[in-house]
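Asker: Structure for this input, please:
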Amino acid sequence: MSAPSPVLDLTPDQREQLGRAALDWVLDWFARTGTRRLYPHVSADQLEQAFAERVPREPQDARAVLAQFAADVAGGSRDNGHPRMFGYVQSSGSYVGALADFLASALNQNVTSWRSAPAATAVERRVIDWMKQIVGLPATADGVLVSGGSMANLVGLAAATASVHPDVARRGVRALTGDPVVYASEAVHMSIPKAAAIVGLGRDSVRRVAVDPDRRMRTDALDRALEEDRRAGRIPICVVANAGEVNTGAIDPVEAIADVCAAHRVWLHADAAYGGFAALAPSARGALSGLARVDSMSLDPHKWLFMPVDGGCVLVRDPGTLRRAFSYAADYVDVVAAADMSEYAFWDYGPELTRRFRALKIWMALKTFGVDAIGRAIERNIQLARRLGELVDAAPDFERLAAVPLSIVCFRYTGAMNTANARDATDPPDLNEVNRALLLRVQRAGHSYLSNAMIDGRFALRACMVNHRTGEEDLAALLDEIRRCARLV
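Answerer: Sure, this is the predicted structure:
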């Protein structure tokens, strides 16, 4: 007689009780966003102790597990939806997106192909179509959803590399007749050199192109670099243009870069993970019009479409370029389809086989709110950043360190309190060290959160607004909090 089947499910009553308890927690979490500490007052040792247990051999009460989640997991987490969460490019998320992720997990679709997940595939294909419309790519373009901007940049770079020579996907860079080169501005995101290493080009293949005083790629320098490398027998792979550089939000002159790429017949990839969706905002639309001319681009719905992570997107002008890079036949994925079925398979267009139903939250949120409302929220973020820049400029104890083309403000504190730390009364304070210490104090205080950047050797406090909950009152609160923490440094 066989052993009884292990019980790996809950009874209907247990599901209802646990589900209602979880929903109550989620509703309370969203209701109290902005009222609790933004950053947890907890140490690494405390968290290590909170989760210090051997692998559970026996079942535990599910309600007790949920209680530990509320106390230790949520209690040890940053509140990324807080209106004064100004660090990194951190989406505020939305309740609709969170609900969609719950529904997607319940469906548990493996979105590898239409055969495996018919409706999920159809939804993702529609979402990709919407992304193309937002940035102005033609209807014939295509793309896939991935984990985030770094993976989207990797896919774009892989597609560009495979398009340089027909044997690259089979033989790798050995098929090239010269050293490969990727062109990117001095402010390129770290994911581009990493992608170059992963696809076999190597980090040294990334050639940094000079930027202007506003940190935008200089097209004259790009044109010279391409000419020099062609004459030297090197192989240009692609040019990477920033559509919202991660430190300051600088937007490269994509239209002019597209002209240079067309003249040299070189692939143009836009890193639009941060700034691409600002095409929905009237004040940024013109600067991003060149996105319609790129060969590929990265986008992050989990940034400025206010979606929960994860949800990145890569778009390409020619779908065949993705197939050249990623299509590979195997018996176990051979698509056997009836006449009324689609043969579409995502594994032919990206690196993943197992894929989560990422599209559901984007589809639900765009339908629930509409892109016009999202565009207004993005525009408000941009205007708030400009207002923060004005407040910094008007303040005697702050200094702005870069222009504000999108929704990032880089500045530093210059208050007289620093003279106490100088070697003597005539020495200027080390503002880099002062602001570095100040950043940590502001973060740990838990009322506002900033990240950092280096601007021409100067340590900057970096405030990024991609949160639909942020208001003008939060800007004044941020500066007041910095001043309060400065008195304690």
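
Asker: How many residues are close by the nearest residue to Asp318 once chain neighbours are set aside?
Answerer: Counting by CB to CB, 6 or more residues apart in numbering, Asp295 is the residue found nearest to Asp318 once chain neighbours are left out, at 7.3 Å. Yep, even glycine has a C-beta here, placed from its N, CA and C like the rest. When neighbours are counted by other CB atoms under 10 Å, Asp295 registers 23.

Asker: In contact with Asp295, which residues?
Answerer: 159-160, 238, 267-269, 316-318, 321 (CB atoms under 8 Å, 6 or more residues apart in numbering).

Asker: Among the residues you listed, which are located in strands?
Answerer: Among those, the members falling in strands (DSSP state E) are 238, 267-269, 316.

Asker: would JSON lines of those with pLDDT be doable?
Answerer: Output for the ones in strands among the contacts of Asp295, formatted as JSON lines (pLDDT from 0 to 100):
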{"residue": "Cys238", "pLDDT": "98"}
{"residue": "Trp267", "pLDDT": "98"}
{"residue": "Leu268", "pLDDT": "98"}
{"residue": "His269", "pLDDT": "98"}
{"residue": "Val316", "pLDDT": "98"}
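
Asker: Most neighbours among these, which one?
Answerer: His269 (30 neighbours).

Asker: Would you agree that one is in contact with Val155?
Answerer: No. Applying CB atoms under 8 Å as the test, His269 and Val155 come out as separate, 9.9 Å apart.

Asker: Now for the two: what residues contact both?
Answerer: With CB under 8 Å, 6+ apart, His269 and Val155 have common neighbours Ser296.

Asker: secondary structure element for Val240?
Answerer: Assigned by DSSP states H and E, Val240 falls within strand 235-242.

Asker: so how far is that strand off the chain centroid?
Answerer: The chain centre lies 20 Å from the centre of strand 235-242; the measure is CA atoms, centre = their mean, to the nearest Å.

Asker: following it, which helix or strand shows up next?
Answerer: helix 254-264.

Asker: Reformat the ones in strands among the contacts of Asp295 as a markdown table; add distance to Asp340.
Answerer: Listed next are the ones in strands among the contacts of Asp295 as a markdown table, based on distance: CB to CB, whole Å:
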| residue | distance to Asp340 |
| --- | --- |
| Cys238 | 40 |
| Trp267 | 38 |
| Leu268 | 39 |
| His269 | 37 |
| Val316 | 28 |
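
Asker: which residues of the stretch 151-300 of the chain fall in strands?
Answerer: For the stretch 151-300 of the chain, strands defined by DSSP state E, counting those that start in this stretch occupy the ranges 180-185, 206-209, 235-242, 267-271, 296-299.

Asker: got those strands as CSV, with distance to Gly76 columns?
Answerer: Listed next are the strands of the stretch 151-300 of the chain as CSV, based on distance: least, CB to CB, whole Å:
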stretch, distance to Gly76
strand 180-185, 37
strand 206-209, 37
strand 235-242, 34
strand 267-271, 32
strand 296-299, 31
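
Asker: ranking the ones you listed by burial, who's on top?
Answerer: Of all the strands of the stretch 151-300 of the chain, strand 296-299 has the most neighbours on average by mean count of other CB atoms under 10 Å, namely a mean of 31.

Asker: Give me the packing partners of that one, helices and strands only.
Answerer: Contacts defined by 3 or more CB pairs under 8 Å, 6 or more residues apart in numbering; DSSP states H and E place strand 296-299 against helix 118-135, helix 149-164, strand 267-271, strand 312-316.

Asker: Contacts for it, please.
Answerer: Outside strand 296-299, the residues touching it (CB under 8 Å, 6+ apart) are 131, 135, 149, 152-153, 155-156, 159-160, 243, 267-273, 276-277, 291, 312-317, 321.

Asker: Next, the angle helix 118-135 makes with the longest helix along the chain.
Answerer: Taking DSSP state H as the criterion, the chain has its longest helix at helix 371-394. Orientation check (axes from the mean of the first three to the mean of the last three CA atoms, to 10 degrees): helix 371-394 against helix 118-135 gives 50 degrees.

Asker: could you give me the average pLDDT of helix 371-394?
Answerer: Mean per-residue pLDDT for helix 371-394: 98.

Asker: CA atoms of it as CSV?
Answerer: Only the C-alpha atoms of helix 371-394 are listed here, as CSV (Å, rounded to 0.1, in the frame of the first residue of the first chain):
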residue,chain,number,x,y,z
VAL,A,371,-2.0,56.5,-20.2
ASP,A,372,-3.2,60.1,-20.1
ALA,A,373,-3.4,60.1,-16.3
ILE,A,374,0.0,58.4,-16.1
GLY,A,375,1.4,61.0,-18.4
ARG,A,376,0.0,63.7,-16.1
ALA,A,377,1.7,62.0,-13.2
ILE,A,378,5.0,61.9,-15.0
GLU,A,379,4.7,65.6,-15.9
ARG,A,380,4.0,66.4,-12.3
ASN,A,381,7.2,64.6,-11.3
ILE,A,382,9.2,66.6,-13.8
GLN,A,383,7.7,69.9,-12.5
LEU,A,384,8.3,68.9,-8.9
ALA,A,385,12.0,68.3,-9.8
ARG,A,386,12.3,71.7,-11.4
ARG,A,387,10.7,73.2,-8.3
LEU,A,388,13.2,71.4,-6.1
GLY,A,389,16.0,72.8,-8.3
GLU,A,390,14.6,76.3,-7.7
LEU,A,391,14.4,75.8,-4.0
VAL,A,392,18.0,74.6,-4.0
ASP,A,393,19.1,77.6,-6.1
ALA,A,394,17.4,80.0,-3.8
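
Asker: Could I get the buried residue list for the helix-or-strand element of the chain with minimal mean pLDDT?
Answerer: Ranked by mean pLDDT, DSSP states H and E, the helix or strand of the chain with the weakest confidence is helix 168-171, at a mean of 91. Neighbour counts over helix 168-171 (16 or more other CB atoms under 10 Å) mark 168-169 as buried.
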